[in-house]
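Undergrad: Next one to model:
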Amino acid sequence: MMSKEIAGEERPDIQGDVRGDAAGAPRLLFVEDDDTLAAEVVEELTARGFSVRHEGTGQAALEAAMHENFDVMVLDRMLPVLDGLGVIERLRAQNINVPVLVLSALSAVDDRVSGLKAGGDDYLTKPFAMDELAARLEALLRRPNDTRATMLRVGPLEMDLIDRMVRRDGREIELLPREFRLLEYLMRRPDQVLTRTMLLEDVWNYRFIPQTNLVDVHIGKLRRKIDLPEEAPLIHSIRGAGFMLRVPD
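TA: Below is the predicted model:
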């Protein structure tokens, strides 16, 4: 079930460089076999500016995704006959690279890892807040169409995902594994506010949010390597919200 905190909230429009149907609404395929939850999510996402198609089985979702163009998918992991991971694996085998957010009650780290290894682009556990689902969908929609690229570029920053190399204007930057993962997360979501909760869940794979300054410490270390004193800062702290990777105008 979704957090009831969404009731009565103002529903923001989808912002940024996103794709969509003829009317400009992002085309979303929502796959969930719980009809009550599905009706609630479809209503909320439609109100937030999405054009939503709902399917209740993995097989129906696979057929829809193979014959229609969607900008993003939200896919329940536990589906009858053909489960969510099976749907993703078959889509990727057909070179259908629509971004997929896996929705699941399974919250263990191994479950998250298996969802991403199957080809999912993001993983959100139930229960969830509608604001977070919408924010994650916006993030997926703002990614370049080729989400399987092995080279990420944001302004002067380059990240080679195969050779595990990072450069800024040709300057090589040595990063520890966690710093590399953190920077990759930032580079895949430029110009977006990323909360500490999002970073703890997606970079550190925490299932609960401890009282810790872990994110701030790692952001500080990463900033000192990425933004030298004579360079324009790329990593910004957003007071009361989180952090953002932004290229100066």
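Undergrad: so where's the chain uncertain?
TA: Residues of the chain that meet the criterion pLDDT under 70 lie in 1-24, 107, 109, 143-150, 207-210.
Undergrad: So the nearest residue in space to Gly56 that is not next to it in sequence, which state does it fall into?
TA: Leaving aside its chain neighbours, Gly56 sits nearest to Asp33 (4.8 Å; criterion: C-beta to C-beta, 6 or more residues apart in numbering). C-beta here means a position set from N, CA and C on the backbone, and glycine is covered the same way. Put simply, Asp33 is coil when judged by DSSP: H, G, I helix; E, B strand; the rest coil.
Undergrad: what's the neighbour count on Asp33?
TA: Residues lying near Asp33 (other C-beta atoms under 10 Å) number 14.
Undergrad: Next, the contact list for it, please.
TA: If you count contacts by C-beta atoms under 8 Å, 6 or more residues apart in numbering, Asp33 has them with 56-57, 76, 78-80.
Undergrad: Would you mind giving these as a markdown table with secondary structure and neighbour count added?
TA: Compiled in a markdown table, the contacts of Asp33 are given as follows (DSSP: H, G, I helix; E, B strand; the rest coil; neighbours: other C-beta atoms under 10 Å):
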| residue | secondary structure | neighbour count |
| --- | --- | --- |
| Gly56 | coil | 17 |
| Thr57 | coil | 15 |
| Asp76 | strand | 23 |
| Met78 | coil | 16 |
| Leu79 | coil | 22 |
| Pro80 | coil | 10 |
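Undergrad: so which of the residues you listed comes closest to Gly242?
TA: Asp76 (27.7 Å; C-beta to C-beta).
Undergrad: That closest one bridge partners, please.
TA: Leu103 (DSSP bridges).
Undergrad: Then Val72?
TA: Going by DSSP bridges, Val72 forms beta bridges with Leu28.
Undergrad: need the contact list for it.
TA: Contacts of Val72 by C-beta under 8 Å, 6+ apart are 26-29, 98-101, 137, 140-141.
Undergrad: can we see that at 10 Å?
TA: 18-19, 26-30, 50, 98-101, 121-122, 136-141, 143 (C-beta atoms under 10 Å, 6 or more residues apart in numbering).
Undergrad: same check, this time on Leu140
TA: 18, 26, 28, 71-74, 98-101, 121-122, 147, 188-189.
Undergrad: cool, Ala61 as well?
TA: Going by C-beta under 10 Å, 6+ apart, Ala61 touches 29-32, 53-55, 70, 73, 75-76, 79, 82, 84, 87-88, 91.
Undergrad: distance of Lys126 from Leu79?
TA: Going from Lys126 to Leu79 by C-beta to C-beta, to the nearest Å gives 14 Å.
Undergrad: before we move on, what about Ala105?
TA: 12 Å.
Undergrad: so what's in contact with these two at the same time?
TA: In contact with both Ala105 and Leu79: no residue, using C-beta under 10 Å, 6+ apart.
Undergrad: Show me where this protein has its helices.
TA: In the chain, the segments counted as helices under DSSP state H are 35-47, 58-67, 84-93, 109-117, 130-142, 177-187, 196-202, 214-226.
Undergrad: and Gly240, which of those helices is closest to it?
TA: helix 196-202 (10.9 Å).
Undergrad: how about the closest one: buried residues?
TA: 196, 198-202 (16 or more other C-beta atoms under 10 Å).
Undergrad: out of these, which one sits closest to Met66?
TA: Closest to Met66, out of all of those and judged by C-beta to C-beta, is Asp202, at 28.4 Å.
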